[in-house]
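Chemist: only geometry, no sequence info:
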Ligand code: 5GP
């Protein structure tokens with residue numbers, strides 16, 4: 001059993017602790033919520049616990065379907081043991097239906113069906129507002145090799161298929177989501193970070209009600225209720 005040691009990092013939604021095993025870390029999910037690159041701040045009751053449990057549930061599902069992930073073991077309501085990785089500094093965004101920044105950029109009303117799934121990359125840098133980049137920028141800056149990027153794209157599409165199908169069964173439409181990948185010490189790429197209402201757009205399939213962080217971003221009511229509804233539909237609690 002890994003022993004929790006010093007805090008290595010504190011992000012906007014999570015803290016990461018070292019353990020006595022150099023290959024393992026402990027992630028602790030916070031209730032803090034931020035949006036617009038940290039410009040909007042708040043808290044969402046029980047968000048940390050919900051995102052921890054939802055993420056682990058989905059990571060387990062994906063690893064059963066052949067996607068390597070950083071998940072090792074859920075330690076408590078908010079804490080999870082994960083493999084230590086170096087994060088690839090890219091946000092990998094998959095879009096099934098137009099929404100959010102894509103709707104704004106291309107002038108497409110939210111909810112517009114598109115002819116194919118869209119994959120985007122953004123450079124992870126809050127100060128720069130996570131700018132969108134393409135494979136040429138990624139190669140030029142050395143953020144990932146061409147081979148790694150090919151693997152990341154293949155995983156992203158496979159994750160989209162698996163999650164979309166799974167969520168459909170509980171009447172959730174997966175509009176879009178953001179993934180992050182990391183490298184283990186031997187260079188193996190694994191899915192890292194979280195998959196939760198903070199990082200995905202989840203719409204009720206029938207009513208199209210938003211059940212995700214857009215409720216916080218857009219000052220809508222019952223944010224906690226939406227997060228809890230996702231937990232209930234996925235885990236039944
Ligand atoms: P958009 O580019 O439309 O703002 O976001 C696309 C999808 O990626 C949404 O599901 C959104 O939640 C997620 N996403 C994009 N950037 C971030 C980010 O910096 N943090 C979080 N939590 N999610 C993001």
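Modeler: Received, thanks. Not measured: the values here are computed from a predicted model. Numbers count the residues shown, from 1 in each chain.

Chemist: quick one: pLDDT of the residue of the chain found nearest the ligand?
Modeler: Closest contact between the chain and the ligand, by Cβ to the nearest ligand atom, is at residue 100 (2.2 Å). Where you see a C-beta, it was placed from the backbone N, CA and C, and this is true even at glycine. Per-residue confidence at residue 100 stands at 98 (pLDDT).

Chemist: for it, grab phi and psi.
Modeler: phi 50, psi -130 (degrees, to the nearest 10).

Chemist: and the protein, which residues reach the ligand?
Modeler: Listed as neighbours of the ligand in the chain under the rule Cβ under 6 Å from any ligand atom: 91, 93, 99-102, 130, 176-178, 198-201, 213.

Chemist: mind checking which of those residues are buried?
Modeler: 91, 93, 99, 102, 130, 176-178, 198-201, 213 (16 or more other Cβ atoms under 10 Å).

Chemist: the residues you listed into JSON lines, with extra columns for distance to residue 153 and secondary structure?
Modeler: JSON lines is the format used below for these (distance: Cβ to Cβ, whole Å; DSSP: H, G, I helix; E, B strand; the rest coil):
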{"residue": "91", "distance to residue 153": "14", "secondary structure": "strand"}
{"residue": "93", "distance to residue 153": "12", "secondary structure": "strand"}
{"residue": "99", "distance to residue 153": "21", "secondary structure": "coil"}
{"residue": "102", "distance to residue 153": "17", "secondary structure": "helix"}
{"residue": "130", "distance to residue 153": "18", "secondary structure": "coil"}
{"residue": "176", "distance to residue 153": "16", "secondary structure": "strand"}
{"residue": "177", "distance to residue 153": "15", "secondary structure": "strand"}
{"residue": "178", "distance to residue 153": "14", "secondary structure": "strand"}
{"residue": "198", "distance to residue 153": "23", "secondary structure": "coil"}
{"residue": "199", "distance to residue 153": "18", "secondary structure": "coil"}
{"residue": "200", "distance to residue 153": "18", "secondary structure": "strand"}
{"residue": "201", "distance to residue 153": "20", "secondary structure": "strand"}
{"residue": "213", "distance to residue 153": "25", "secondary structure": "coil"}
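
Chemist: pretty sure residue 118 contacts residue 102?
Modeler: Yes: counting by Cβ atoms under 8 Å, residue 102 is a contact partner of residue 118 at 7.0 Å.

Chemist: report the mean confidence score over the helix ranked longest in the chain.
Modeler: Looking across the chain with DSSP state H, the single longest helix is helix 146-168. Per-region confidence: helix 146-168 scores 98 on mean pLDDT.

Chemist: quick one: the strands in the chain?
Modeler: 4-10, 14-19, 24-29, 32-35, 40-43, 71-74, 79-83, 86-87, 90-97, 113-123, 132-133, 172-183, 189-192, 200-204 (DSSP state E).
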